[in-house]
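Visitor: 3D, please:
(one chain, ligands or ions: 1)
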Amino acid sequence: MVSGQLLLLLAAIVIGTFLARRIWGSLSHRDKQDKLEREKFWKTVENVGIPPRGGFFAQTRGLLSSLTSVQSWTHSGYGRISKAQKLPFALPTIWTWDNVAVLPPSALRILSKPESEVTAFGAQLETIQLPYMISDRDIYMNVIHFDVARKHLVNPKDVASLAAATADEVDVAFTDVWGTSPEWKTVNAWDACGRIIMRAAIRVLIGLPTCRDETYFEQSRLFSDAVIMGTAMINTMPPLLRPVYHQARCLKILVPFVEDRIRIWKQGGEKGEDGSENDFLQWLIPKCAKEGPEQMAPTKLANRLLTFNVMFVIGMVYVFGHTVLDLYSSPNKDAYLAGLEAECHRVSAQHDGLTSRAAVDQLHRLDSVIRESMRVSDIAVTALARDVVGKPLDLGAGVQVPRGTRVVFPTHAIHRDEEYYEDPLRFDAFRFSRPFEGSSEDVAAEAKDQKDSLTTITPSFLAFGYGKHACPGRFFAAQTMKQALAGIVMDYDVEIISRPEKRQVMLNMMIPAVDAQMRYRRKTKK
Ligand code: HEM
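Guide: Purely as a prediction, here's the structure:
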């Protein structure tokens with residue numbers, strides 16, 4: 001009874017807010033011309049969620065149904081419209097409380113257009129809902145920490161300089177979190193895998209010793225989990241009702257630590273306590289100093305670090321968790337594991353461990369496993385959202401997308417397209433490394449020309465983005481996830497006990513398998 005009333009109340013609030021927005025929108029003259037252009041545009045493209053003669057309140061019903069229908073609508077539009085006609089289609093979504101235009105793969109080139117024509121900013125902000133996570137507006141409106149990622153994380157030397165620290169952290173984290181017992185232990189798979197990869201990521205973010213502070217780790221893990229589930233839920237709520245989460249407990253621990261590092265930096269010290277010259281904080285401090293004294297406030301720096309925590313989670317925890325689930329629940333698991341183990345031991349013996357970039361770069365099969373998991377278990381149905389902000393966007397064949405339209409790409413459907421991938425629904429762990437397998441001496445030489453390594457972006461692999469905003473963190477993420485996966489493959493037996501048969505979708509997000517169970521035990525050395 002109570003829940004029925006609650007549902008009614010929620011529905012009334014949702015519909016009331018929607019109508020209020022509509023009325024407000026129609027009263028505002030500011031964007032009237034653009035609005036008229038968009039209305040004309042929506043009439044020229046097929047709407048996959050609203051039948052042509054949908055009747056009374058069709059748009060509202062379409063928007064509300066988007067909560068559960070985005071995946072099926074997008075897949076049907078992809079085959080019939082994106083592929084067959086190379087045209088955009090309209091997808092109603094309560095994410096924007098309007099339609100978004102789903103563009104065909106042939107339009108991917110627009111992702112390299114200047115910000116004055118299409119911008120990523122608004123959509124990126126709304127995708128991870130940072131305003132509801134971080135209380136300081138300057139952190140997400142003035143993303144100088146992105147500049148630090150773009151400068152250091154795409155520099156092979158800087159990424160290589162992180163490999164020893166992440167290898168060490170992965171090793172310590174396995175011992176701390178998974179333990180060394182040869183007895184089977186049953187755990188929540190998402191949590192067990194997430195803890196390992198987060199430890200490595202946080203090590204690179206803030207270095208020793210704070211990355212091992214248990215309270216900080218736990219708080220940032222809870223905060224990050226709230227972000228990943230919160231993002232899915234917040235995006236389904238009308239903007240006026242979206243909650244403000246914040247992160248006071250993480251900041252409480254981070255701020256004194258940041259103060260300390262600023263003091264050391266001002267005294268001319270460069271190295272972290274583990275002797276490393278690089279961690280993200282060490283790169284961030286000089287950048288913020290350059291931007292002006294207001295950017296050096298320790299709380300501001302700490303908030304910038306927390307923003308990156310969010311990116312690690314949405315990216316690395318999600319991908320790593322699903323890679324382990326996909327690999328260990330595959331019917332071909334034994335053959336895959338034999339191939340992976342052989343590769344890990346061979347490379348580790350050649351390089352005296354997996355602590356260098358040179359060694360990690362040789363792990364081609366491991367590389368392929370993660371890329372394949374990113375393909376089949378991707379995070380969202382549509383992605384790479386942009387807003388048209390300049391002149392109308394010309395897609396050719398007379399199609400002009402007017403200013404103010406949000407456009408997205410059907411990445412999930414592209415990743416499952418049999419034109420690009422044979423037997424696309426199958427998790428084929430060595431799909432990307434198989435073409436380069438030869439005698440062991442040949443592998444390294446041939447793989448130099450390997451086109452589809454984990455970090456390679458192509459029009460049919462969009463999990464790290466495409467064009468000018470492609471992910472700058474991908475080289476670091478790949479290196480670290482490979483080290484962590486090698487740790488499991490070499491040292492543990494793993495069995496997946498349960499995972500959802502079918503992946504759940506909420507609006508645009510593929511809900512992660514947070515309830516999956518697995519068991520593991522430490523391998524006994526032969
Ligand atoms: C497996 C892990 C990751 C995945 C799947 C991932 C995915 C993505 C994608 C798809 C984009 C493009 C978004 C768009 O075009 O709208 C992106 C951008 C970005 N990523 Fe990642 N990412 C990951 C890890 C990281 C890490 C570790 C960092 C480092 C701190 C990072 C930093 C960034 C930044 C700063 C951007 C924005 C780039 C720009 O706007 O120019 N990412 N990421």
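Visitor: can you pull out the strands in the stretch 251-400 of the chain?
Guide: 383-388, 393-396, 399-401 (DSSP state E, counting those that start in this stretch).
Visitor: Just give the strands next to the second one in its sheet, each with its orientation.
Guide: On the basis of DSSP bridges, the sheet neighbours of strand 393-396 come out as strand 399-401 (antiparallel).
Visitor: now what about the partner strand, what contacts it?
Guide: The contact list for strand 399-401 (C-beta atoms under 8 Å, 6 or more residues apart in numbering) reads F41, T44, L87, P88, A101, V388, P392, L393, D394, L395, V407. For the C-beta atoms, the positions are set from N, CA and C on the backbone; glycine is no exception.
Visitor: in the stretch 51-200 of the chain, which ranges drop under the pLDDT threshold?
Guide: Scanning the stretch 51-200 of the chain with the threshold set as pLDDT under 70 gives 54-56, 128-134.
Visitor: hey, where'd the helices end up in it?
Guide: 58-77, 84-85, 121-128, 137-141, 144-152, 156-160, 163-173, 189-206 (DSSP state H, counting those that start in this stretch).
Visitor: if you compare the ones you listed, which one is most tucked away?
Guide: helix 189-206 (a mean of 25; mean count of other C-beta atoms under 10 Å).
Visitor: any idea how far the residue of the stretch 351-500 of the chain found nearest the ligand lies from M311?
Guide: The stretch 351-500 of the chain approaches the ligand most closely through G473 (2.1 Å), counting by C-beta to the nearest ligand atom. G473 sits 7 Å away from M311 when distances are taken as C-beta to C-beta, to the nearest Å.
Visitor: can you pull the buried residues of stretch 260-267?
Guide: R261, I262, I264, W265 (16 or more other C-beta atoms under 10 Å).
Visitor: out of these, what pair is the most spread apart?
Guide: I262 and I264 (7.5 Å; C-beta to C-beta).
Visitor: List phi and psi for S453.
Guide: Here is the backbone geometry of S453 (degrees, to the nearest 10): phi -80, psi 170.
Visitor: Also F41?
Guide: Main-chain torsions, F41, degrees, to the nearest 10: phi -60, psi -50.
Visitor: Quick check: pLDDT value at the residue nearest to it when sequence neighbours are not counted.
Guide: In this structure, F41 finds its nearest non-sequential neighbour in P402, 5.1 Å apart by C-beta to C-beta, 6 or more residues apart in numbering. P402 carries a pLDDT score of 95 in this model.
Visitor: Tell me the spacing between P402 and G390.
Guide: For P402 relative to G390 (C-beta to C-beta), the value is 11 Å.
Visitor: repeat for S66
Guide: The separation that S66 has from G390, given C-beta to C-beta, amounts to 28 Å.
Visitor: Report the contact partners of the most centrally placed residue in the chain.
Guide: Geometric centre of the chain, nearest residue: G315, 3.3 Å, by C-alpha atoms, centre = their mean. By C-beta under 8 Å, 6+ apart, G315 lies in contact with C471, G473, A477.
Visitor: near the ligand, which residues of the stretch 301-450 of the chain?
Guide: By C-beta under 6 Å from any ligand atom, the residues of the stretch 301-450 of the chain that approach the ligand are F308, M311, F312, G315, M316, V319, L384.
Visitor: Comparing G473 and M311, which shows the higher neighbour count?
Guide: Using other C-beta atoms under 10 Å, the more surrounded residue of G473 and M311 is G473, with 22 against 19.
Visitor: Please name the residues that touch the more buried one.
Guide: So G473 contacts A149, L153, M311, G315 (C-beta under 8 Å, 6+ apart).
Visitor: quick one: the last one from I370, how far?
Guide: What that stands for is G315. 12 Å.
Visitor: quick one: L384 and F464 touch, right?
Guide: No. Using C-beta atoms under 8 Å, L384 is not in contact with F464; the gap is 10.4 Å.
Visitor: Same drill for the two, tell me which one is more crowded.
Guide: Using other C-beta under 10 Å as the criterion, L384 and F464 rank with L384 on top: 24 against 21.
Visitor: which non-adjacent residue is nearest that one?
Guide: Using C-beta to C-beta, 6+ apart, the nearest residue to L384 is F409, at 4.7 Å.
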